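J.: My questions are about this predicted structure, shown below with the sequence.
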Amino acid sequence: MNEIENEAEGFPQEENIEIQPEAPPPTPEELIARLVAEMADLKDQLLRAVAEGENIRRRAAKEKQDASKFAIASLARDLLAVPDTLDRAISSIPEDVRAQEGVVNLIEGMELTQRQLLGIFERHGIKPIHPMGEKFDPNFHQAMFEAPDTGQPDGTIVQILQMGYVIGDRLLRPAMVGVAKGGNQNSGAPGSTVNTSA
């Protein structure tokens, strides 16, 4: 017996283990309520996933539309110098030379080229800004000088030095303008002064 007791001493003693009784199975009503709650949760997750997918689709469509619409902006910005140069060339020809036979055809050719280029711009959503007589707007205009004693209200555009352009609703190049200063109306009104330090 001593041998058996000695051998048993090397093993851990058995602990008293309490066996928990199993929980009773859920009633059909509890099971239905649990399944309905789980189904509502899954439905909510599905609706959220569908809404997120729709938002991603809309965002991707808008980005694609913007990319195709504004992809030519860099090229268009570079090409804006062409109508400016044509305009300067046409206006630099003296009046007495304009009537000469060869010069008339040259001027007509330059004007035609300028109109064609502006037509191409128009087809691609590139439009000139015509701000003459409008109130100065720093979002679309760049003031180059202030003209005193014009008889116009302060901040009114009185001269266009270089035409501005937009593509869609985005600015490609601001119009370089001269604005009235010291007019007889609205002096001292908010927004009537123009910061020309730009």
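T.: Received, thanks. Numbering: from 1, shown residues only.

J.: Mind checking what helix or strand follows the longest helix anywhere in the chain in sequence?
T.: Of all the segments assigned as helix in the chain under DSSP state H, the longest by residue count is helix 28-70. Sequence order places helix 73-79 as the next helix or strand after helix 28-70, per DSSP states H and E.

J.: The helix or strand following that next one - contacts with which helices or strands?
T.: Downstream of helix 73-79, the first helix or strand assigned by DSSP H and E is helix 81-91. On a contact count with 3 or more Cβ pairs under 8 Å, 6 or more residues apart in numbering; DSSP states H and E, helix 81-91 meets helix 101-123. Placement of C-beta: from N, CA and C, glycine included.

J.: how far off helix 81-91 does the helix it packs on point, in degrees?
T.: 150 degrees (axes from the mean of the first three to the mean of the last three Cα atoms, to 10 degrees).

J.: could you give me the average pLDDT of helix 101-123?
T.: Averaging pLDDT along helix 101-123 yields 90.

J.: Can you pull out the low-pLDDT segments for the chain?
T.: 1-19, 183-198 (pLDDT under 70).

J.: what residue is smack in the middle of it?
T.: Arg170 (7.4 Å; Cα atoms, centre = their mean).

J.: is it true that it touches Ala73?
T.: Yes - with contact defined as Cβ atoms under 8 Å, Arg170 counts as touching Ala73 (7.2 Å).

J.: Now for Asn105, how many residues are close by?
T.: Applying other Cβ atoms under 10 Å, we find 10 residues neighbouring Asn105.

J.: contacting residues around the residue nearest to the centre of the chain?
T.: When contacts are counted by Cβ atoms under 8 Å, 6 or more residues apart in numbering, Arg170 touches 70, 73.

J.: try 10 Å this time
T.: 66, 69-70, 73, 125 (Cβ atoms under 10 Å, 6 or more residues apart in numbering).

J.: Repeat that for Ser91.
T.: By Cβ under 10 Å, 6+ apart, Ser91 has no neighbours at all.

J.: Tell me the spacing between it and Gln114.
T.: Per Cβ to Cβ, to the nearest Å, Ser91 is found 11 Å from Gln114.

J.: Name the residues contacting each of Arg170 and Ala73.
T.: With Cβ under 10 Å, 6+ apart as the test, Arg170 and Ala73 both reach Gly125.

J.: How is this protein divided into domains?
T.: Under the assignment automatic domain parsing, the domains of the chain span 28-71, 73-124, 127-185.

J.: For those, give me TSV that also has distance to Glu22.
T.: What follows is the domains of the chain, written out as TSV (distance: least, Cβ to Cβ, whole Å):
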stretch	distance to Glu22
domain 28-71	16
domain 73-124	72
domain 127-185	70
